[in-house]
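In: got a sequence here, can you build the structure:
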Amino acid sequence: MSNPALSNNPALNGKTLTADELRRIYDQPAAQTQRPGIDEPVAEAGFGGEQPPVVTPSDRPMTYENTISKTVMLFLIVLVFGAIGWFMPILALPAAIVGLVLGLVNSFKKEPSVPLIVLYAVFQGVFLGGISGIFEAQWAGIVSQAVIGTLSVFGVTLLLFRSGKVRTSPKMTKIVLIAMVGYLVFSLINFGMIMFGATDDPWGMRGVTVFGIPLGVVIGLLAVFLAAYSLVMDFELIQNGVKNRVPEKWAWSAAFGLMVTLIWLYVEILRILAILRGSD
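Out: Now for the predicted structure:
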């Protein structure tokens, strides 16, 4: 899946959870009093001698509202620290490396870690601000174009998902996963060629033209499609978390997963625009 942070945890794996599975996720013993909305209703006070359970913050379920609020919070952090990267672009590369490490750690943790997720947003903000500032200095207006493009893809994908016209399928997901692995291998090889001077083109193999079209544009459009499909997977996994009434902490994982996909989408669109404007 595109986001292990979403697909590898028991809360958002796409299954309708049983009562015992819900108790394990909530770290509660099987013999504990049932919770309203998850198991059978608890008897009201004065009927049967039982008191209704006290709902603590850790018992609050994941909702679309708290997922959206956490996502917005993380992107505000990205914007704030993006300003630092914008004026200090030299920090972009080290921030990208730290952000990559934090992204991998967060993706494969069994439990969401809010501090690590926030740190990821901090370093990714510096990285995005740095490369955006560099590209904007070279091609005026390119950042606003990339932002509009990213929001457009996100908005269209969300509308299609909400309408029920777009859903994932096991076969398509396997194809997308293979394509993602192939894209990753290509990107690593291309980056190595650029770093070790195997090519004079600043875009590496992406700068090669095929029938007059830069290869980077073709591959970039493929990456945009992969990112859009990843958004659909993210939406489905978030929907599963809300449906299963998992604890609110998993909303952080959902917000992190969305941020990973949207950052990838923005970088790809920014690069496509840069290649196109550089070839003019």
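In: now stretch 60-69, how far from the centre of its chain.
Out: 16 Å (Cα atoms, centre = their mean, to the nearest Å).
In: how about stretch 148-156?
Out: The answer for stretch 148-156 is 14 Å, by Cα atoms, centre = their mean.
In: what does stretch 231-251 give?
Out: Using Cα atoms, centre = their mean, the offset of stretch 231-251 from its chain centre is 13 Å.
In: kindly report the same for stretch 266-280.
Out: 22 Å.
In: likewise for stretch 77-87?
Out: With Cα atoms, centre = their mean, you get 19 Å for stretch 77-87.
In: same check, this time on stretch 87-105
Out: That offset, for stretch 87-105, works out to 16 Å (Cα atoms, centre = their mean).
In: for Pro247, grab phi and psi.
Out: The phi and psi values for Pro247, taken as degrees, to the nearest 10, are phi -60, psi 150.
In: can I assume it is in contact with Glu111?
Out: No: using Cβ atoms under 8 Å, Pro247 makes no contact with Glu111, being 10.2 Å away. C-beta here means a position set from N, CA and C on the backbone, and glycine is covered the same way.
In: quick one, which of those two is more surrounded?
Out: Pro247 (19 against 10; other Cβ atoms under 10 Å).
In: distance of the more buried one relative to Pro61?
Out: 7 Å (Cβ to Cβ, to the nearest Å).
In: same check on Arg271?
Out: Plainly put, Arg271 is 39 Å away from Pro61 if you go by Cβ to Cβ.
In: what's the answer for Arg245, then?
Out: Counting by Cβ to Cβ - Arg245 and Pro61 are separated by 4 Å.
In: what about Gln239, neighbour count?
Out: There are 15 residues near Gln239, going by other Cβ under 10 Å.
In: my error: substitute Gly129 in the last question.
Out: 26.
In: which residues touch it?
Out: The contact partners of Gly129, by Cβ atoms under 8 Å, 6 or more residues apart in numbering, come to Phe81, Gly82, Ala83, Ile84, Gly85, Trp86, Phe87, Pro89, Ala92.
In: which one of the residues you listed is nearest to Lys165?
Out: Closest approach to Lys165 among those (Cβ to Cβ): Gly82, at 33.6 Å.
In: wait, that closest one sits on Ile131?
Out: No: if you go by Cβ under 8 Å, Gly82 and Ile131 don't touch, sitting 10.0 Å apart.
In: so Val242 makes contact with Tyr64?
Out: Yes: Val242 is in contact with Tyr64 according to Cβ under 8 Å; the separation is 5.9 Å.
In: neighbour count: these two, which is higher?
Out: Shown here are Val242 and Tyr64; by other Cβ under 10 Å, Val242 has more neighbours (19 against 13).
In: that one looks like it's in a helix, true?
Out: Yes: assignment of Val242 by DSSP: H, G, I helix; E, B strand; the rest coil places it within a helix.
In: could you measure from it over to Ile213?
Out: In terms of Cβ to Cβ, Val242 sits 42 Å off from Ile213.
In: what does Lys109 give?
Out: Taking Cβ to Cβ, one finds Lys109 at 41 Å from Ile213.
In: looking at these two, which has the bigger crowd around it?
Out: When Lys109 and Ile213 are compared for neighbours, Lys109 comes out ahead with 17 against 13, by other Cβ under 10 Å.
In: pretty sure the more buried one sits against Leu116.
Out: Yes: contact criterion Cβ under 8 Å: Lys109 and Leu116 qualify, at 7.4 Å.
In: and Phe196, its phi and psi?
Out: Torsion angles, degrees, to the nearest 10, at Phe196: phi -100, psi 10.
In: what about it, distance to Arg271?
Out: Phe196 is 20 Å from Arg271, by Cβ to Cβ.
In: higher neighbour count, these two?
Out: Arg271 (20 against 8).
In: pretty sure that one is touching Gly216, no?
Out: Yes: contact criterion Cβ under 8 Å: Arg271 and Gly216 qualify, at 6.8 Å.
In: please enumerate the shared neighbours of the two.
Out: With Cβ under 8 Å, 6+ apart as the test, Arg271 and Gly216 both reach Arg206.
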